[in-house]
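1. sequence first, then the predicted structure:
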Amino acid sequence: MRDFAEIWSYLAGTPLIWLTATLVAYALGDAAARLAGRAAAVNPVLIAVALLAALLWVSDTPYPVYFEGAQFVHFLLGPATVALAIPLHAALPELRRAALPVLAALFAGSLTAIASALGIALALGVGSETLIALAPKSTTAPVAIGIAETLGGSPTLTAVLVIATGLFGAVMATPLLNALRIRDWRARGLAVGVAAHGLGTARAFQVHPQAGSFAGLGMGLNAVLTALLAPLALGLIR
């Protein structure tokens with residue numbers, strides 16, 4: 001046991017161990033999702049987060065130490081987001097034909113995400129820092145963190161809320177949209193992209209390519225719109 005503790009102490013100080021742990025955790029989550037037939041409740045990111053959180057807790061490892069090794073994955077979020085332009089370009093003619101419904105749904109979804117979060121938080125009497133973190137929760141992490149930092153909120157709290165929103169949306173979107181009998185892949189994809197940013201978009205691509213394309217569109221446009229609307233909404237309630 002003592003030898004294991006010494007070996008772990010050595011490995012934990014090596015950044016590569018946390019990158020490896022992140023990749024292994026996701027591989028296990030993805031394997032579980034495949035075994036479950038890609039069921040919405042068996043989300044690979046959710047499983048990976050749970051496994052990594054348990055590992056950090058058991059090993060008593062601070063998050064900054066973990067992030068030092070896993071930051072390469074964080075760096076790849078940028079190129080992965082840009083890569084969404086490829087399926088978007090392939091679906092461009094269809095996107096043009098649906099421009100007006102897309103814009104209407106975008107405004108409705110973005111406003112609802114901001115107003116509902118702030119309204120519930122105000123009713124519960126939360127502080128201003130939490131309100132700032134909640135306003136951009138449905139947009140992609142880099143944009144949400146930038147909004148929070150600009151308005152004086154906590155980037156860490158914002159990141160947690162963004163991830164929680166994305167995971168919840170990725171898990172709940174498919175059964176909810178099925179229950180509502182929404183069959184149009186464009187509408188399903190756009191709704192998931194606006195409400196659950198990158199994690200929802202990844203789930204949409206698993207369900208249907210057309211849904212994934214529209215989810216990527218919704219995620220990108222919602223990031224821009226939220227950057228404009230969130231400060232205005234927070235200004236009205238302060």
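-> Looks like it came in fine. None of the values given here were measured: they were computed from a predicted structure.
2. drop to CA atoms for contacts and neighbour counts, all remaining ones
-> Fine.
3. what score does residue 52 have for pLDDT?
-> pLDDT, residue 52: 91.
4. ugh, typo on my part, it should be residue 154
-> Predicted confidence (pLDDT) for residue 154: 86.
5. how many neighbours does it have?
-> 17 (other CA atoms under 10 Å).
6. and the most centrally placed residue in the chain, what does it touch?
-> Central residue of the chain (CA atoms, centre = their mean): residue 166, 3.6 Å from the mean position. By CA atoms under 8 Å, 6 or more residues apart in numbering, the residues touching residue 166 are 138, 195, 196, 197, 198, 199, 200.
7. of all the residues you listed, which comes closest to residue 85?
-> The shortest gap between residue 85 and any of the contacts of residue 166 belongs to residue 198, at 13.2 Å (CA to CA).
8. Provide the secondary structure category for that closest one.
-> helix (DSSP: H, G, I helix; E, B strand; the rest coil).
9. per the record, what domains does this structure have?
-> 2-77, 85-237 (automatic domain parsing).
10. can you tell me the element residue 55 falls in?
-> helix 44-59 (DSSP states H and E).
11. for residue 225, which non-adjacent residue is spatially closest?
-> Of all residues not flanking residue 225 in the chain, residue 110 sits nearest, at 7.2 Å (CA to CA, 6 or more residues apart in numbering).
12. quick check: residue 106 touching residue 222?
-> Yes - applying CA atoms under 8 Å as the test, residue 106 and residue 222 come out as touching, 6.7 Å apart.
13. who has more neighbours, the two?
-> Using other CA under 10 Å as the criterion, residue 106 and residue 222 rank with residue 222 on top: 27 against 23.
14. and the more buried one, how far from residue 146?
-> According to CA to CA, to the nearest Å, residue 222 stands 14 Å off from residue 146.
15. residue 119 too?
-> Distance from residue 119 to residue 146, by CA to CA: 22 Å.
16. likewise for residue 98?
-> 30 Å.
17. again, but for residue 153
-> 10 Å.
18. which one of those two has more residues nearby?
-> Between residue 153 and residue 146, residue 153 has the larger neighbour count (other CA under 10 Å), namely 20 against 16.
19. point out the other helices and strands that the longest helix along the chain packs with.
-> What stands out as the longest helix in the chain, according to DSSP state H, is helix 209-237. For helix 209-237, the helices and strands in contact under the criterion 3 or more CA pairs under 8 Å, 6 or more residues apart in numbering; DSSP states H and E are helix 85-90, helix 99-123, helix 141-151, helix 185-207.
20. how about 7 Å then?
-> helix 85-90, helix 99-123, helix 185-207 (3 or more CA pairs under 7 Å, 6 or more residues apart in numbering; DSSP states H and E).
21. let me have those helices in a markdown table, extended by distance to residue 60 and mean pLDDT.
-> Formatted as a markdown table, the helices and strands packed on helix 209-237 follow (distance: least, CA to CA, whole Å; pLDDT from 0 to 100):
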| stretch | distance to residue 60 | mean pLDDT |
| --- | --- | --- |
| helix 85-90 | 40 | 71 |
| helix 99-123 | 32 | 91 |
| helix 185-207 | 28 | 90 |
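22. any low-confidence regions in this protein?
-> 1-15, 74, 81, 84, 88, 238 (pLDDT under 70).
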